[in-house]
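S.K.: Using only what follows, build the 3D model:
(chains A, B and C)
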Amino acid sequence: MEKLSLRMVGAGLIRGLVETARNFTGSYCDPARLTTVQYPEESLPPVESARTFPFLVFDGDSQSGLRCVACKICEKECPPQCIYIVSERDEKGKVLKRPKVFDIDISVCMGCQICVEVCPFDAIRMDVKFELSVFDRFKPLLLHKEDLAKSNEYYHSIHPLEARETDLRLAAARAKQQSKTEGTKSSSSASSTTKAP
Amino acid sequence: MNAEVNITSTRPQLPPGTVMSYHLQRQSAAGGDAESDLLEISMGPHHPSTHGVFRMDVVLDGERVVRLKPVFGYLHRNHEKLAEGMTYLSSMPFTDRLDYFCSMTNNWAYALAVERLAGLRPTERAEYIRVIVAELTRLLNHACLIGFLTHDMGTMGTPLMYAFREREKILDLFEELSGARMMCNYMRFGGVRVDLTPGWVAKAQKLVAEFPRFLDEFEKLLTTNEILLARSQGVGILPRTLAVNASVTGPMLRASGVNYDVRKVDRYGIYDRFDFRVPLGDHGDVYDRLMIRFLEMRESLKILHQALRDLPGGPVMDPKAKLRSFRPRPGEVYGRIEAPKGELGFYLIGDGSPNPYRYRVRPPSLVNLTVLEDMCLGHTVADVVIILGSVDIVLGEVDR
Amino acid sequence: METVEQIKVRLEAAVPGLEVEVIPNPNSAEQPSLRMGLTHILAAARFLRDDPSLRFDYASNVTGVDWLDQTFQERQRQRVLVDGAEREVEITVQRIRPGYLEAIYHLYSMELGHGPLVIRQRTANRTDQCRLVSLTPIWRGAEFQEREIYDLYGVVFEGHPDLRRILMWEGFQDFPMRKDYVEPDDYEYEPTPHDLVLEKARLHYGHGGRS
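M.R.: Below is the predicted model:
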């Protein structure tokens, strides 16, 4: 900090105003001083790791290709408890590895990403959409399985690096499982438990 | 604790006899009419200058404050009881929301306490990353505090918007790193959640290289402004002994001249590897509390420069750490850090189960408010607003 | 800094009649704490603050903890008469340790730079004897934190300059942080007509919801 002797009262004010004027004129010519974009006509470039609310990933078909096996780990670990899962059962009552009901209440969801971290099957990921305003506070903000299921291609479009890394990992795990079942010729399937990054 | 300290003993003064140094005159005036009625007003909770939902019951004699009682609890979300019902990891996103300006340092304080309870050690690279994001958080907190305080003094947002411009750059870095701008949820027990993205270090170094130019501009804008000098010098003086006895911490304590910085005392993390000084103030008034933030920002830039230069490679999580079924061994621990607002501490009692038995946040803003009445007595209502601004409170922390 | 045991010895010498006990910390890497009796804790705190080699002038954190009544089951061998002959039989005996509330203080020294020292004071039980001694006259920083313990746990601090609720509103009943606190159905204290509250109220009252 400078030692300043103020000879004229008001000199400090004028120094401040010089700074303000420099910022003002600079905002017309210097890109570092113009910091906003004209939203909604323009928007900022998307960031790879941005996150808002979760969604479910499916490969191929949105019913049978859903990666989620309804293990309910994300439901248990979710801090505000906003996930509600009911697994599908067949006519004999046996539990199938598919969710019948998968609801996320995004009015409660904090977007903390803990469900993504703990999912062993890379089934749930974070979406980037934030323009989600609706007119009713309760019903439209409870998203069901149909709203949450989005394709792997969509996942590639929003998080390219992460999606590519996940695909490679899942392909490697599948190949390892393939070679194991071919090698041992046993019918027991070791489920590939891959930890989320 | 033998750090080289930097005393703010030379500061611009108004020439004596200026009309604007009225506050020096008013303190020598004899104390008011004995016949005047006392007026009791309530400032807040719905108030533009109280930095959140905060209320002060002020008893005035004319324009002078006779008594002041802070009232809060409007943002009480019972974070401590919720944490007793959730696992240790689930409380981490809620710690973001304590001091919602500085989510990274809140995360670090909690992670530090749990790591001491469980006996985990973060890796080298994780420690460096933690220091880098914590000092970036300190930069944005101090810049915005100067903006808010001068906004309370009447600059109507110009320094605030300049500070927010720099804050946006830092928030962009946080978004790239952790996915969210403010509620980062980035630290984990044993390290950090993800490693730095490629190119992040270069962007951070560019920011650190350009920040001093912004600080110079900011100082030129503010430090010799006569209105600021008149309104803040000699106002809200906090004496040393009272500050220590009232458990005041952070820049407010150091502005009163007490050399106590948890980074230097506890040397948590890897702060002992960095060369930085602890600025101190002489007078303990609002002006010193404002200026000390400028000095602390420069010291943070020094730490950032060193940390970014020395950042090692390697993993970012302790291999012994577990995400799920995390049961630290039973015990009690109090882990504290130097958050931008003061000493933020977490007191945990674990009983061997996945949930903590007692989880307590020691908020710096709450304890710093103890002396608000003492600082405001005898000043005018306009000064109360500035003194509250200089205490640097965030209601998320005060009320939890 | 001296160890906790050494400080205990010096406290007992400086404040005669003080009841002080070292409580071990199950986490061996951390400090044990000193529990002090209520009669002389104010003098002990003054000694801790003013003694030249200790100088604990900074009370960093004041925490309240609630411990419920704990039942222990112990197996004991007793000689009892069974079928006319004396035999040794194992029986289980239940012991109840009464619960209590406590206030824990973390003390540091700004002047000498050492710490922490953890001191505790405990109430006799959780129901009718919930009084503790306020250490605000010694460390002013404990003022708001002791008020918070009063507000959330119901511990009355004797000697506190201004003991009233701090986080909850005046007129709030009950103490939220206690382990046996039961939430009201609706914080407005009468069930307002929305689904979740009516559901909870129906469980209690059995009909539409109004008590």
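S.K.: SS state for the closest residue to residue B:100 other than its chain neighbours?
M.R.: Excluding the flanking residues, the one nearest residue B:100 by C-beta to C-beta, 6 or more residues apart in numbering or on different chains is residue B:396, at 4.8 Å. Quick note: C-beta positions are derived from backbone N, CA and C, even for glycine. State at residue B:396, reduced to three classes by DSSP: H, G, I helix; E, B strand; the rest coil: helix.
S.K.: Return the residues in contact with residue B:396.
M.R.: Residues in contact with residue B:396 (C-beta atoms under 8 Å, 6 or more residues apart in numbering or on different chains) are B:52, B:75, B:97, B:98, B:99, B:100.
S.K.: In ChimeraX, select just the buried ones from these.
M.R.: Those of these that count as buried under 16 or more other C-beta atoms under 10 Å in any protein chain shown are selected in ChimeraX with:
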select /B:52,75,97,98,99
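S.K.: Just put the contacts of residue B:396 in a markdown table and tack on secondary structure.
M.R.: Formatted as a markdown table, the contacts of residue B:396 follow (three-state DSSP):
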| residue | secondary structure |
| --- | --- |
| B:52 | coil |
| B:75 | coil |
| B:97 | coil |
| B:98 | coil |
| B:99 | coil |
| B:100 | coil |
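S.K.: Run a quick neighbour tally on the spatially closest residue to residue C:1 that is not a sequence neighbour.
M.R.: Excluding the flanking residues, the one nearest residue C:1 by C-beta to C-beta, 6+ apart is residue C:114, at 3.8 Å. Per other C-beta atoms under 10 Å in any protein chain shown, the neighbour tally for residue C:114 reads 17.
S.K.: try residue C:89
M.R.: Neighbourhood size, residue C:89 [other C-beta under 10 Å]: 12.
S.K.: The strand or helix carrying it near chain B at all?
M.R.: Under the criterion of DSSP states H and E, residue C:89 resides in strand C:85-97. No. Contact between strand C:85-97 and chain B is absent, the nearest approach being 15.0 Å (criterion: C-beta under 8 Å from any C-beta of the partner chain).
S.K.: Let me see the mean pLDDT of stretch A:45-56.
M.R.: For stretch A:45-56, mean pLDDT is 90.
S.K.: Could you tell me the end-to-end distance of that stretch?
M.R.: Chord length of stretch A:45-56, first to last residue, is 24 Å (C-alpha to C-alpha, to the nearest Å).
S.K.: Then stretch B:349-364?
M.R.: Per C-alpha to C-alpha, stretch B:349-364 runs 20 Å from first to last residue.
S.K.: swap in stretch A:55-63?
M.R.: 14 Å.
S.K.: count of neighbours near residue 157?
M.R.: Looking at chain A here, since you left the chain open. 13.
S.K.: To clarify, I was referring to chain C.
M.R.: 23.
S.K.: I'd say residue B:279 and residue B:292 touch.
M.R.: Yes. Taking C-beta atoms under 8 Å as the definition, residue B:279 is a contact partner of residue B:292 at 5.4 Å.
S.K.: Tell me how chain C divides into domains.
M.R.: C:4-65+C:101-177, C:181-211 (automatic domain parsing).
S.K.: For chain C, just list every one of the helices.
M.R.: Along chain C, counting by DSSP state H, helices occupy C:4-14, C:41-50, C:142-153, C:195-205.
S.K.: For residue B:206, find the nearest of those.
M.R.: helix C:142-153 (42.7 Å; C-beta to C-beta).
S.K.: Off-centre distance for the helix or strand of chain A with the lowest mean pLDDT?
M.R.: Sorting the helices and strands of chain A by mean pLDDT, DSSP states H and E puts helix A:11-29 at the bottom, at a mean of 85. In this view, helix A:11-29 has its centroid 41 Å away from the chain centroid, taken as C-alpha atoms, centre = their mean, to the nearest Å.
S.K.: quick check, distance from the longest strand anywhere in chain A to the centre of its chain.
M.R.: Scanning chain A for the longest strand, with DSSP state E as the assignment, gives strand A:95-105. Averaged C-alpha coordinates place strand A:95-105 at 19 Å from its chain's average position (C-alpha atoms, centre = their mean).
S.K.: and if you look at stretch C:7-15?
M.R.: For stretch C:7-15, the distance to the chain centre is 23 Å (C-alpha atoms, centre = their mean).
S.K.: And stretch B:63-80, by the same measure?
M.R.: Between the centre of stretch B:63-80 and the centre of its chain there are 18 Å (C-alpha atoms, centre = their mean).
S.K.: who's the residue nearest the centre of chain A bridged to?
M.R.: The centroid of chain A falls nearest to residue A:126 when counting by C-alpha atoms, centre = their mean (1.4 Å). Taking DSSP bridges as the rule, residue A:126 bridges to residue A:54.
S.K.: ok, now which ones touch it?
M.R.: For residue A:126, the contacting residues are A:51, A:52, A:53, A:54, A:55, A:111, A:113, A:116, A:159, B:179, by C-beta under 8 Å, 6+ apart.
S.K.: With respect to chain C, which of those is nearest?
M.R.: Among those, residue A:53 lies closest to chain C (C-beta to the nearest C-beta), at 21.9 Å.
S.K.: What residues sit buried inside the helix or strand hosting residue B:305?
M.R.: Per DSSP H and E, residue B:305 falls inside helix B:286-310. Buried residues in helix B:286-310, counted by 16+ other C-beta under 10 Å: B:286-301, B:303-308.
S.K.: Is it in proximity to chain A?
M.R.: Yes. Helix B:286-310 lies within reach of chain A by C-beta under 8 Å from any C-beta, at B:291, B:294, B:295.
S.K.: Need those residues in JSON lines (columns: pLDDT).
M.R.: Shown next, in JSON lines, are the residues of helix B:286-310 next to chain A (pLDDT from 0 to 100):
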{"residue": "B:291", "pLDDT": "91"}
{"residue": "B:294", "pLDDT": "93"}
{"residue": "B:295", "pLDDT": "93"}
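S.K.: Now distance to residue A:178 too, for those, in CSV please.
M.R.: Shown next, in CSV, are the residues of helix B:286-310 next to chain A (distance: C-beta to C-beta, whole Å):
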residue, distance to residue A:178
B:291, 67
B:294, 63
B:295, 63
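S.K.: Only the C-alpha atoms, please, for the least confident helix or strand of chain A, written as PDB.
M.R.: The C-alpha coordinates for helix A:11-29 follow below in PDB (Å, rounded to 0.1, in the frame of the first residue of the first chain):
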ATOM      1  CA  ALA A  11      -7.900  13.600  -4.700                       C
ATOM      2  CA  GLY A  12      -8.700  10.100  -3.600                       C
ATOM      3  CA  LEU A  13     -12.200  10.400  -5.000                       C
ATOM      4  CA  ILE A  14     -10.800  11.400  -8.300                       C
ATOM      5  CA  ARG A  15      -8.400   8.600  -8.400                       C
ATOM      6  CA  GLY A  16     -11.300   6.200  -7.800                       C
ATOM      7  CA  LEU A  17     -13.300   7.800 -10.600                       C
ATOM      8  CA  VAL A  18     -10.300   7.400 -13.000                       C
ATOM      9  CA  GLU A  19     -10.400   3.700 -12.300                       C
ATOM     10  CA  THR A  20     -14.200   3.500 -12.900                       C
ATOM     11  CA  ALA A  21     -13.800   5.400 -16.200                       C
ATOM     12  CA  ARG A  22     -11.000   3.000 -17.300                       C
ATOM     13  CA  ASN A  23     -13.300   0.100 -16.600                       C
ATOM     14  CA  PHE A  24     -16.200   1.700 -18.400                       C
ATOM     15  CA  THR A  25     -14.400   2.700 -21.600                       C
ATOM     16  CA  GLY A  26     -12.500  -0.600 -21.400                       C
ATOM     17  CA  SER A  27     -15.700  -2.600 -21.500                       C
ATOM     18  CA  TYR A  28     -16.200  -1.400 -25.100                       C
ATOM     19  CA  CYS A  29     -12.800  -2.500 -26.400                       C
END
